[in-house]
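Q: Kindly return the folded structure for what I paste below:
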Amino acid sequence: MTSRSRNDVPLPLPSQHTGRLMDTIIIIVVMVLGYVAALAWRDASQTAFETYYPDDVNSLKARLIYATVATIAAIVIITVIAKMRR
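A: As a prediction, the model looks like this:
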């Protein structure tokens with residue numbers, strides 16, 4: 001059953017949108033949790049890097065090494081996830 005507007009155009013009932021709304025809310029919550037986890041891992045990896053290389057923490061070389069390691073880790077994780085999806 002649908003509601004009617006002034007021009008007799010059927011309007012969808014709220015129950016028809018509930019499934020899509022819940023899907024959208026779940027996607028947003030998962031994305032936020034993923035972002036929080038990424039920030040936690042970033043902090044942990046920076047702390048580990050500072051612990052093992054305390055003299056070079058702010059040098060360009062240290063930052064490039066950190067960026068390279070983070071990029072390689074991201075590529076590996078993305079590749080594994082893509083293979084799991086198939």
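
Q: Which helix in the protein has the most residues?
A: helix 14-52 (DSSP state H).

Q: the bottom helix or strand of this structure by mean pLDDT?
A: Least confident helix or strand, the chain: strand 3-4 with a mean of 53, by mean pLDDT, DSSP states H and E.

Q: For the longest helix of the chain, which helices and strands make contact with it?
A: helix 60-85 (3 or more C-beta pairs under 8 Å, 6 or more residues apart in numbering; DSSP states H and E). Placement of C-beta: from N, CA and C, glycine included.

Q: quick one: average pLDDT of stretch 46-61?
A: Taken as a whole, stretch 46-61 carries a mean pLDDT of 77.

Q: Mind listing what's buried along that stretch?
A: Using 16 or more other C-beta atoms under 10 Å as the test for burial, stretch 46-61 gives Phe49.

Q: Next: stretch 63-75.
A: So stretch 63-75, judged by 16+ other C-beta under 10 Å, has buried residues Tyr66.

Q: gap between it and the chain center?
A: 18 Å (C-alpha atoms, centre = their mean, to the nearest Å).

Q: again with stretch 68-83
A: Distance, stretch centre to chain centre, for stretch 68-83: 14 Å (C-alpha atoms, centre = their mean).
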